[in-house]
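*Asks:* here is a sequence with its predicted model. Questions after.
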Amino acid sequence: MKSVLPSIVGALMLAGCQNPAPADPPKLMLMEDHPQQGYLSFHVSNVEVMRYQYGSQWALPHIWPLRSPSGKDLLVQKTEPFPHHRSLWIADKLQFEDGPVIDYYHEWKNLIDPENPSKGHHSYIRHNKIDGVYSSSDSGDLGGKGMVKAEIELSWIAHGEPIMDQTTRYTVVDHENGEYALHMDWDYRAVYGDVHFKSDWVHYGWPFLRMSETFKGDSGGTITVDDGRSGQEATNEKYASWLDYSNTVDGVTEGLAVYSPNDGQRRKWLTREYGTFGPRRPDHLSGKPFTLKKGESMSGNAILFVHNGGVEAAIKFAAQLK
């Protein structure tokens, strides 16, 4: 795939693209696109913190790795016994018009030849291009000490034909001392016809995350939500405005918190001690079929905060969001 950032990337390696020669160069930079390997690299203070994976070998574009302040992998890209999990990803089960129902979440169901996965998938989410690249030492009302963002265009493909378009925006904000926030938002657009959402309550990502083996609850990690409830039993299928997943690994306590939209609509969460978790859509759109009619669009968003220490950092960041 040809790089879409041939000139912008080099400039961003040296300075923010909005000010080529600032007195204090932005500490947050988008280093470069790697089209041959199929990923876009995001850096904070010259340290890579995450990659957007868009290579054609993946049926689901996703974020991996997502690194802790000390450089550890917080998430896992692919694992057993759930090989369809993809670190930090968006997926769903859709039907276009009166066509077949496509389960994009369980991507292996869409292999052309399950006995020979190298033949690829007949249905998948396709990365189209990277656009809207922006870097600045001023992160405005997002707080922090600088930001970088990129806009991603994608299409949902069913048996070779597009059925829905998607735009996802990733904005990374430097909060210093290795901490950073990932603001992500996305839009689905039914530009080709009616799109019917068929997912159950569990098997869709809005978004979904899968903690690494060292950070998951089964390895000593702790799930905590906004009112102090802790652990899978107390948090799964329960309402919360945010959730934190933290652990002490090699003597260092770190973690990440995910904040659902502050739009007045309550959301339940799916949580697992083995590491998977994510906010659900509002109740009227979660676990119930609904249709995005041709010409309509639907949006979603979430904020992730990667932090030092335990849940106290998540509580402090939540207060800043109000």
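*Replies:* Received it, and whenever you're ready, just let me know what you need. Numbers count the residues shown, from 1 in each chain.

*Asks:* at the geometric centre of the protein, which residue sits there?
*Replies:* L88 (4.3 Å; Cα atoms, centre = their mean).

*Asks:* may I ask you to name the longest helix in this protein?
*Replies:* Of all the elements of type helix in the chain, the one with the most residues (DSSP state H) is helix 311-321.

*Asks:* which strands or helices does that one pack on?
*Replies:* strand 222-225, strand 242-249, strand 252-259, strand 297-308 (3 or more Cβ pairs under 8 Å, 6 or more residues apart in numbering; DSSP states H and E). To be clear about C-beta, it is placed using only N, CA and C from the backbone, and glycine gets the same treatment.

*Asks:* for the record, mean pLDDT for it?
*Replies:* Helix 311-321 shows a mean pLDDT of 96.

*Asks:* using PDB, list the CA coordinates for that helix.
*Replies:* Below are the C-alpha coordinates for helix 311-321, written out as PDB (Å, rounded to 0.1, in the frame of the first residue of the first chain):
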ATOM      1  CA  VAL A 311      -7.000   3.800  40.100                       C
ATOM      2  CA  GLU A 312      -6.200   7.100  41.900                       C
ATOM      3  CA  ALA A 313      -4.800   8.400  38.600                       C
ATOM      4  CA  ALA A 314      -8.100   7.500  36.800                       C
ATOM      5  CA  ILE A 315     -10.100   9.300  39.500                       C
ATOM      6  CA  LYS A 316      -8.000  12.400  39.100                       C
ATOM      7  CA  PHE A 317      -8.300  12.400  35.300                       C
ATOM      8  CA  ALA A 318     -12.100  11.900  35.500                       C
ATOM      9  CA  ALA A 319     -12.300  15.000  37.600                       C
ATOM     10  CA  GLN A 320     -10.500  17.000  34.800                       C
ATOM     11  CA  LEU A 321     -13.000  15.800  32.200                       C
END
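
*Asks:* outside of that helix itself, list whatever touches it.
*Replies:* The set of residues external to helix 311-321 that reach it, using Cβ atoms under 8 Å, 6 or more residues apart in numbering, is 143, 179, 181, 222, 224, 226, 241-242, 244, 246, 255, 257, 259, 262, 303, 305, 307.

*Asks:* are any of those buried, and which?
*Replies:* Neighbour counting with 16 or more other Cβ atoms under 10 Å marks 179, 181, 222, 224, 226, 241-242, 244, 246, 255, 257, 259, 303, 305, 307 as buried within those.

*Asks:* just to revisit the earlier point, the residue nearest to the centre of the chain contacts L75, correct?
*Replies:* Yes: in terms of Cβ atoms under 8 Å, L88 counts as a neighbour of L75; the distance is 5.9 Å.

*Asks:* just the strands in the stretch 1-150 of the chain please.
*Replies:* Assigned by DSSP state E, counting those that start in this stretch, the stretch 1-150 of the chain shows strands spanning 28-34, 39-44, 47-53, 62-66, 88-91, 93-96, 101-103, 124-136, 147-158.

*Asks:* ok, back up a step: nearest to D200, out of the helices and strands packed on helix 311-321?
*Replies:* Closest to D200 of the helices and strands packed on helix 311-321, according to Cβ to Cβ: strand 297-308, at 17.7 Å.

*Asks:* buried stuff in that closest one?
*Replies:* M298, G300, N301, A302, I303, L304, F305, V306, H307, N308.

*Asks:* repeat that for stretch 91-107.
*Replies:* With burial defined by 16+ other Cβ under 10 Å, the residues of stretch 91-107 counted as buried are A91, D92, K93, L94, Q95, F96, I102, D103, Y104, Y105, E107.

*Asks:* let me know the average pLDDT across it.
*Replies:* Over the span of stretch 91-107, the pLDDT mean works out to 98.

*Asks:* repeat that for stretch 41-57.
*Replies:* Mean predicted confidence for stretch 41-57 is 92.

*Asks:* for it, measure first residue to last.
*Replies:* Stretch 41-57 has its terminal residues 18 Å apart, counting by Cα to Cα, to the nearest Å.

*Asks:* with stretch 62-78 instead?
*Replies:* Across its full length, stretch 62-78 reaches 11 Å end to end, with Cα to Cα as the criterion.
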